[in-house]
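1. Fold the following and give me the result.
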Amino acid sequence: MKNNKQINQIRNIGIIAHIDAGKTTVTERILYYTGRSHKIGEVHNGEAVMDWMPDEQERGITITSAVTTCNWKDCEIQIIDTPGHVDFTIEVERSLRVLDGAVGVFCAVGGVEPQSETVWHQADRYLVPKIAFINKMDRIGADFFRTVEMMKERLNARPLLIQLPIGQEDSFKGVIDLLNMNQMIWETDDPNVDIITSEISEQYLDQALSFRDKLIEQIAEVDDEIMEAYLEEKEISTEDLISAIRRTALDLKLVPVLCGAALKNKGVQPLLDAVIKFLPSPVEVPPVQGHHPDTEEILKYPAKKNGPLVTLIFKVSMMEGRKLSFVRVYSGQLKAGVEVYNPSRKKKEKISRILRMHANKRERIDSTGPGSIVGIVGLKDSSTGETLCDVNMPVLLEKMEFHRPVISISVEPKTHSDQDKLDQVLAKLMAEDPTLHVKQDEDTGQTILSGMGELHLEIITSRMQREFNTNVNVGKPQVVYRETLGKESLASAVFDKEIAGQRHFGSVELMLKPLARGSGSHFRSEIDPAVIPDVFIPAVEKGIKDAMEYGDLKGYPVVDVEAVLTGGQFKESLGSDLGYTVSASMACREALKKGAPYLLEPIMEVEVFVPDSFMGDVIGDLNARGGKIDSISSKADSQIIAASVPLSKMFGYSTALRSSSQGRGNFTMKFSHFDKI
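-> Okay, the predicted model is just below:
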């Protein structure tokens, strides 16, 4: 990046959608048309550039978000192709944290599917401007307008149609451009044949004029400049419309909608044009905001090359055994060989190499500036969600939050040599994936691996063997429950011991109160500093947090409980952090025993897509699993059954559904909430 003009020409975008909507297929076409790759890699052949992991190629799904860079019409587009499967939502979450814009891909047949909703709302949470691409217009059952209606209903979005399809299903051959009022025809599926652009055919002209009027009205509702011209009946030029659509898209008021059939190489070039026209550059998004680690002063950093260095690590990956950290540069210059500061750990790190990424291929560069998404090598201690900045100008960006796992398996090494490697391999996998948890079962001595779903854990164990040559025996999946309290309880504890020649004292009284479901666990102190000095309160909180990691019933984490420090004792010169941490932990464990604890189990939100003739069997099976049917709706010749079902009853459901629907049903499942067993 040589100057600010070039920062204006960067687009950082993510491709987001439900599994099998065609995200990777769209990305592969983008890479081909931008000249980044010279052969189109197909997902179904296991040859997609962006799905480079062996597990991705075998299964035909995206598992890890892959980064690449390409150029289109004087703009540099940095793309992150994200997974669509709910088990890998963390990959979408951390990608959206650093992106400036997103392309939501929807299947014209399936419409807005459950995971599409999840990732769309994730993008909303990070205030990411979006455009929509309705894909698979050539498939049987494709319905452009139904998908647009579903966007309104399910996503609470305001879609703005800037294209109309010419034909659908096997007659789909092109699109009508409502901005330039022309039509684009792809006469063959050959990616090397040019688009034929011409005036709109007479048979489509009335429809095009009608939808262009609606487009102008829609923009006028949310944009003052167009509203003024519209009311004064002035001529509104295409350039004025493009500027207005850009403004409204960046303000999250409207979502431009395009369509095509990526597998047949139709509609991708106009999509690239739309990315440049309607999604923001790094200088058009609000300046990144953080706080000073010592003074808590709020700090803002616009995308300037000559500003202080501010970067965020959004992903860590182990490639060929080495730690590769993916960072987004928000401000300043990141240079190889230079020391940077990690304020979270209060440590300096040295950047040994900077790499421009193309999936799993790399190009070494000496430095990079604002707006860049690059890989860096050389970080020893820093991990996902942490900030790297100038040593003399520390800043902490908001940390990323990760979901807690809901399902566990036990893993045991097959041989003695596997035993030696296992801990090391698991540490590397946890560094990559913050939703993966590992702990030792104190009763059985087993290593327990916890993750977001059956597929997530299946991929992890497959990678242990493929990438790290570590063979393990895998135990059956187990549900990760939570514990909570049924009533208020009080307890106190005293710790007074001499350890290594030093006496440690601590005495606390605690009250535990049950909270509403989903509130999380909190701590507060109600005592005067004269009872226990403020300096020891963090030690008390630490002891309580440690105790709540393992509940009294089955050793599961305790949730939805407020711990209140109500009393205690302090002895001059004897009080210590260790004393108060241990006494708080002892008191908390005692209070948990007295508080009528009970178990909470994860409840999953399940959507089953099944032909009409099998609906009765499927509903009967869900009821037998303790499920609660929330709604039943129709889509084409299928029924969509939405239900809430305990996770413990959903193991092996894919096999049962295939059996009860003769292989014609499919389902999606995501975590909803915890509830009493």
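2. Show the residue spans covered by the helices in the stretch 301-450 of the chain.
-> For the stretch 301-450 of the chain, the helices defined by DSSP state H, counting those that start in this stretch cover 416-432.
3. And the strands in it?
-> For the stretch 301-450 of the chain, applying DSSP state E, counting those that start in this stretch gives strands covering 310-319, 322-331, 334-335, 339-342, 347-350, 353-358, 361-365, 367-368, 373-377, 387-389, 396-397, 407-413, 437-440, 447-451.
4. Looking at those, which is nearest to M669?
-> Nearest to M669 among those is strand 407-413; the distance by CB to CB comes to 11.0 Å. Just so you know, the C-beta spots here come from the backbone N, C-alpha and C atoms, and that holds for glycine as well.
5. any idea which of the strands of the stretch 301-450 of the chain is most buried?
-> Neighbour counts (mean count of other CB atoms under 10 Å) averaged over each of these peak at strand 387-389, with a mean of 26.
6. what's that strand packed up against?
-> Here strand 387-389 touches strand 310-319, strand 339-342, going by 3 or more CB pairs under 8 Å, 6 or more residues apart in numbering; DSSP states H and E.
7. by how many degrees do the first one and strand 373-377 diverge?
-> Translated: strand 310-319. Calculated by axes from the mean of the first three to the mean of the last three CA atoms, to 10 degrees, strand 310-319 forms an angle of 60 degrees with strand 373-377.
8. Report the strands that pair with strand 310-319, each with its relative direction.
-> Paired neighbours of strand 310-319 in the sheet (DSSP bridges): strand 322-331 (antiparallel), strand 387-389 (antiparallel).
9. Distance from the chain centre to stretch 558-578, please.
-> 37 Å (CA atoms, centre = their mean, to the nearest Å).
10. Please read the previous query as pertaining to stretch 135-148.
-> A distance of 26 Å separates the centroid of the chain from that of stretch 135-148, by CA atoms, centre = their mean.
11. Next: stretch 368-383.
-> With CA atoms, centre = their mean, you get 19 Å for stretch 368-383.
12. Repeat that for stretch 641-648.
-> With CA atoms, centre = their mean, you get 22 Å for stretch 641-648.
13. which parts of that stretch are buried?
-> Neighbour-count burial for stretch 641-648, counted by 16 or more other CB atoms under 10 Å, picks out 641, 643-648.
14. repeat for stretch 282-293
-> Result for stretch 282-293 [16+ other CB under 10 Å]: buried residues 282-283, 285, 287-288, 290-291, 293.
15. So which of those residues is the closest to M669?
-> Using CB to CB, those come closest to M669 at V285, 33.9 Å.
16. quick revisit: arrange the buried residues of stretch 641-648 in CSV, one row each, with distance to T566, pLDDT and secondary structure as further columns.
-> Listed next are the buried residues of stretch 641-648 as CSV, based on distance: CB to CB, whole Å; pLDDT from 0 to 100; DSSP: H, G, I helix; E, B strand; the rest coil:
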residue, distance to T566, pLDDT, secondary structure
I641, 49, 89, strand
A643, 44, 92, strand
S644, 38, 93, strand
V645, 41, 91, strand
P646, 37, 91, strand
L647, 37, 86, helix
S648, 37, 86, helix
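17. Which is the succeeding secondary structure element to the helix or strand of the chain with the lowest mean pLDDT?
-> None of the helices or strands of the chain scores lower by mean pLDDT, DSSP states H and E than helix 54-59, at a mean of 49. Downstream of helix 54-59, the next assigned helix or strand under DSSP states H and E is strand 66-72.
18. The lengthiest helix in the chain packs against which elements?
-> Secondary structure of the chain per DSSP state H: the longest helix is helix 202-222. In this structure, helix 202-222 makes packing contacts with strand 159-161, strand 163-166, strand 174-177, helix 224-231, helix 238-250, judged by 3+ CB pairs under 8 Å, 6+ apart.
19. and the ones you listed, which one's lowest on average pLDDT?
-> If you rank these by mean pLDDT, helix 224-231 sits at the bottom with a mean of 88.
20. distance between that helix and the chain's centre?
-> On the basis of CA atoms, centre = their mean, helix 224-231 is displaced by 38 Å from the centre of the chain it belongs to.
21. For it, C-alpha coordinates in PDB please.
-> The C-alpha trace of helix 224-231 is given here as PDB (Å, rounded to 0.1, in the frame of the first residue of the first chain):
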ATOM      1  CA  ASP A 224     -32.400  12.200   1.100                       C
ATOM      2  CA  GLU A 225     -30.600  13.100  -2.200                       C
ATOM      3  CA  ILE A 226     -32.600  10.600  -4.300                       C
ATOM      4  CA  MET A 227     -35.800  11.600  -2.300                       C
ATOM      5  CA  GLU A 228     -35.300  15.200  -3.300                       C
ATOM      6  CA  ALA A 229     -34.700  14.400  -7.000                       C
ATOM      7  CA  TYR A 230     -37.700  12.000  -6.900                       C
ATOM      8  CA  LEU A 231     -40.100  14.500  -5.500                       C
END
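22. how about the strands in the stretch 501-650 of the chain?
-> Using DSSP E, counting those that start in this stretch, strands in the stretch 501-650 of the chain cover 502-514, 522-525, 561-569, 598-611, 628-635, 638-646.
23. closest to Q269 out of the ones you listed?
-> If we rank the strands of the stretch 501-650 of the chain by CB to CB, the stretch that ends up nearest is strand 628-635, at 30.6 Å.
24. and that closest one, which strands flank it?
-> Here strand 628-635 has these sheet partners by DSSP bridges: strand 638-646 (antiparallel).
25. Now the element after the strand it pairs with, going C-ward?
-> Scanning forward in sequence from strand 638-646 by DSSP H and E, the next helix or strand is helix 653-660.
26. Wasn't N469 part of a strand?
-> No: according to DSSP: H, G, I helix; E, B strand; the rest coil, N469 belongs to no strand; its state is coil.
27. And for it, the neighbour number?
-> 11 (other CB atoms under 10 Å).
28. Give me the pLDDT value at it.
-> Model confidence at N469 (pLDDT) stands at 82.
29. Give me the neighbour count for the spatially closest residue to it that is not a sequence neighbour.
-> Distances taken as CB to CB, 6 or more residues apart in numbering place K421 nearest to N469, at 7.7 Å, with adjacent residues excluded. Per other CB under 10 Å, the neighbour tally for K421 reads 17.
30. Return the residues in contact with K421.
-> The contact partners of K421, by CB atoms under 8 Å, 6 or more residues apart in numbering, come to 413, 468-470.
31. roughly how far apart are it and F468?
-> Per CB to CB, to the nearest Å, K421 is found 7 Å from F468.
32. likewise Y653?
-> Distance from Y653 to F468, counting by CB to CB: 30 Å.
33. And for E297?
-> Taken as CB to CB, the span from E297 to F468 is 44 Å.
34. One more: R524?
-> Taking CB to CB, one finds R524 at 44 Å from F468.
35. who has more neighbours, these two?
-> F468 (18 against 10).
36. if I pick the more buried one, what's in contact with it?
-> Residues counted as contacts of F468 (CB under 8 Å, 6+ apart) are 421, 425, 428.
37. so which of those comes closest to E386?
-> Of all these, K428 has the smallest distance to E386: 17.4 Å, by CB to CB.
38. partners of N135 in the sheet?
-> Counting by DSSP bridges, N135 forms beta bridges with C107.
39. what's it in contact with, if anything?
-> Applying CB under 8 Å, 6+ apart, the residues near N135 are 21-22, 25-26, 105-108, 259-262, 267.
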